[in-house]
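Participant: Quick one: sequence plus predicted model below, questions after.
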Amino acid sequence: MVFYDTWPKIDPKILLWLLLAILVVDHIWEMILAKRQQLVCLGANTVPEELRAVIPPEVYHRARVYELHKMELFMWKHGIDLVISLAEVFFGFYPFVWGLACSTLGSATKEELWISLIFVLYLTIYITLRCLPVLLYDKCILELRYGTQTRLPCYMYLCMGIISIVLAQIILAPLTLGIVFIVQTLGYFFFLYFWLIWAGFTLLMVFLLPYICAPCIGRQVPLPDGPLYQDVKRVCDITNFPMRRVFIIRTKSTQYSNAYFYGSCCLKRIVIFDTLLYNKGLPPHELQPHEIGRGLYNVQVAAVVAHELGHWKNGHFYKATLIMKVHFLLTMILFGLLFHCPQLYEAVGFEAGVCPIIVGFIIVLRFALTPYLTLANFVMLWNLRRFEYAADRYAHFLGYSMPLRSALVKIYADHMSFPVYDSCYARWHHTHPTILQRLAYQQRLDIEAVYN
């Protein structure tokens with residue numbers, strides 16, 4: 001690699017201690033958030049009043065204990081990961097693996113392109129072995145104990161680990177070759193080309209999503225005529241949203257109840273999962289026993305559509321697209337600046353002048369960019385929750401407050417996750433307000449409507 005002469009001279013030891021400090025602060029903060037959530041779970045002994053009609057105490061208790069153990073596992077996982085990551089950076093793990101990859105190829109080739117392939121293979125094996133103990137505990141003990149997972153023999157997860165290594169190489173090998181080749185070819189400002197490629201790809205996906213991604217979930221068809229069509233048409237007519245852009249997707253295997261809006265102009269559409277409909281919109285004899293009684297009534301589905309229309313009316317698709325592109329541009333600019341810092345490579349143990357491209361990607365994205373990515377993620381999560389509240393407000397404006405509330409409760413009852421969250425933990429981890437926050441927000445809107 002070249003183009004490393006623009007950075008001022010910085011002592012690599014200072015950068016090493018900065019990287020270690022970033023690791024410590026990031027992991028300790030995550031552990032503090034998990035502990036806060038655990039303490040909230042400990043204090044939430046009874047079912048919240050808003051959900052007592054739909055969640056039995058024994059189910060709530062099981063979900064609560066599972067959440068407590070999940071947070072305990074989360075803290076242990078971050079604590080262990082902190083110790084291992086500190087050791088990796090301090091003792092020169094990445095130069096060791098790079099040297100091992102060079103030794104493997106020996107005199108066959110000194111090309112960085114092929115050494116990077118062997119490096120990624122060794123790193124994938126190491127990461128799989130590193131994550132396997134926590135995965136086995138989570139899947140074989142924790143989730144089985146609380147009935148959140150079907151039973152699989154533990155050796156199956158070992159087999160899955162081996163398969164994941166093989167599949168990872170199928171994906172990572174061409175990706176690694178592409179990254180190294182592009183950086184070598186485009187030179188210093190390669191990161192701006194990455195941004196342009198990503199921006200073009202995301203715009204292209206707006207066109208291709210219904211034809212490439214959606215079929216992986218199920219078959220997407222226009223909402224058929226019937227009682228549901230009439231209820232949805234009623235709310236769409238109020239907002240002048242064309243009914244021909246409302247679709248239902250016949251899912252293949254997912255049990256997740258959802259509806260979403262995306263696109264713009266002639267490409268805009270609202271998509272309703274059939275799992276959101278009561279009994280999937282099918283006669284009971286065509287369903288599995290666990291599917292009977294799940295889903296929403298027509299007026300509740302219309303309320304969910306009103307919420308999605310709120311995203312459309314408020315221009316959330318455009319705003320989210322712009323925010324993501326600006327965020328990725330800033331990420332790429334910062335990435336480019338840090339990637340071209342030779343002392344950063346020396347800080348993790350490489351000799352002066354040795355700056356492998358693929359290692360640079362890992363060091364910058366995993367360590368150096370953590371402060372920015374963490375804060376940017378917090379701001380974007382806050383903005384996504386703000387969008388959800390705005391869409392809820394629009395549904396309330398259309399007169400769907402009570403149906404939306406009952407729909408939220410029914411969706412929760414169908415999936416039965418733990419409903420109580422620490423406010424700080426939720427701000428750092430949730431894309432949506434919690435069920436209790438959304439119900440409280442609708443109640444507040446009702447009160448505001450009375451007094452205004």
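Facilitator: Yes, it's here.
Participant: Residue ranges in the stretch 251-400 of the chain under the pLDDT threshold?
Facilitator: For the stretch 251-400 of the chain, applying pLDDT under 70 flags the ranges 253-255.
Participant: Just the helices from the stretch 1-150 of the chain, written as ranges.
Facilitator: In the stretch 1-150 of the chain, the segments counted as helices under DSSP state H, counting those that start in this stretch are 12-43, 57-90, 93-105, 112-137, 143-145.
Participant: other SSEs contacting the first one?
Facilitator: Contact analysis of helix 12-43 by 3 or more Cβ pairs under 8 Å, 6 or more residues apart in numbering; DSSP states H and E lists helix 57-90, helix 342-347, helix 370-397, helix 423-429 as its packing neighbours. Every C-beta, even on glycine, is put in place using the N, C-alpha and C of the backbone.
Participant: got the helices of the stretch 1-150 of the chain as CSV, with distance to residue 204, mean neighbour count and mean pLDDT columns?
Facilitator: Below are the helices of the stretch 1-150 of the chain laid out as CSV (distance: least, Cβ to Cβ, whole Å; neighbours: other Cβ atoms under 10 Å; pLDDT from 0 to 100):
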stretch, distance to residue 204, mean neighbour count, mean pLDDT
helix 12-43, 34, 17, 96
helix 57-90, 36, 17, 90
helix 93-105, 35, 16, 94
helix 112-137, 27, 17, 84
helix 143-145, 38, 15, 53
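Participant: circling back: can you check which of the helices and strands packed on helix 12-43 gets nearest to residue 234?
Facilitator: helix 370-397 (13.4 Å; Cβ to Cβ).
Participant: For the closest one, buried residues please.
Facilitator: For helix 370-397, the neighbour count (16 or more other Cβ atoms under 10 Å) marks 370, 373, 376, 381, 384-385, 387-389, 391-396 as buried.
Participant: just to revisit the earlier point, among the helices and strands packed on helix 12-43, which is nearest residue 292?
Facilitator: When the helices and strands packed on helix 12-43 are compared by Cβ to Cβ, helix 57-90 sits nearest residue 292, at 17.8 Å.
Participant: ok and the closest one relative to helix 93-105, angle-wise?
Facilitator: 70 degrees (axes from the mean of the first three to the mean of the last three Cα atoms, to 10 degrees).
Participant: Helix, strand, or coil at the residue nearest in space to the middle of the chain?
Facilitator: Central residue of the chain (Cα atoms, centre = their mean): residue 431, 8.7 Å from the mean position. State at residue 431, reduced to three classes by DSSP: H, G, I helix; E, B strand; the rest coil: coil.
Participant: Please list all residues in contact with the residue lying closest to it once chain neighbours are set aside.
Facilitator: Using Cβ to Cβ, 6 or more residues apart in numbering and skipping residues adjacent in sequence, the residue nearest residue 431 is residue 384, 4.7 Å away. Residues near residue 384 by Cβ atoms under 8 Å, 6 or more residues apart in numbering: 320, 431, 432.
Participant: For residue 206, which of the helices and strands packed on helix 12-43 is the nearest?
Facilitator: Comparing the helices and strands packed on helix 12-43 by Cβ to Cβ, helix 370-397 comes nearest, at 17.8 Å.
Participant: How far off centre is that closest one?
Facilitator: On the basis of Cα atoms, centre = their mean, to the nearest Å, helix 370-397 sits 14 Å off its chain's mean C-alpha point.
Participant: what do you get for stretch 290-303?
Facilitator: Counting by Cα atoms, centre = their mean, stretch 290-303 comes out at 26 Å from the chain centroid.
Participant: What are the buried residues along that stretch?
Facilitator: Buried residues in stretch 290-303, defined by neighbour count with 16+ other Cβ under 10 Å: 291, 294, 295, 296, 297, 298, 299, 300, 301, 302, 303.
Participant: does the fifth one really touch residue 276, like I thought?
Facilitator: What it means is residue 297. No - Residue 297 lies out of contact with residue 276 (Cβ atoms under 8 Å); the separation is 10.7 Å.
Participant: contact partners of stretch 389-396?
Facilitator: 303, 306-311, 313-314, 316, 401, 404, 433, 438, 441-442, 445-446, 449.
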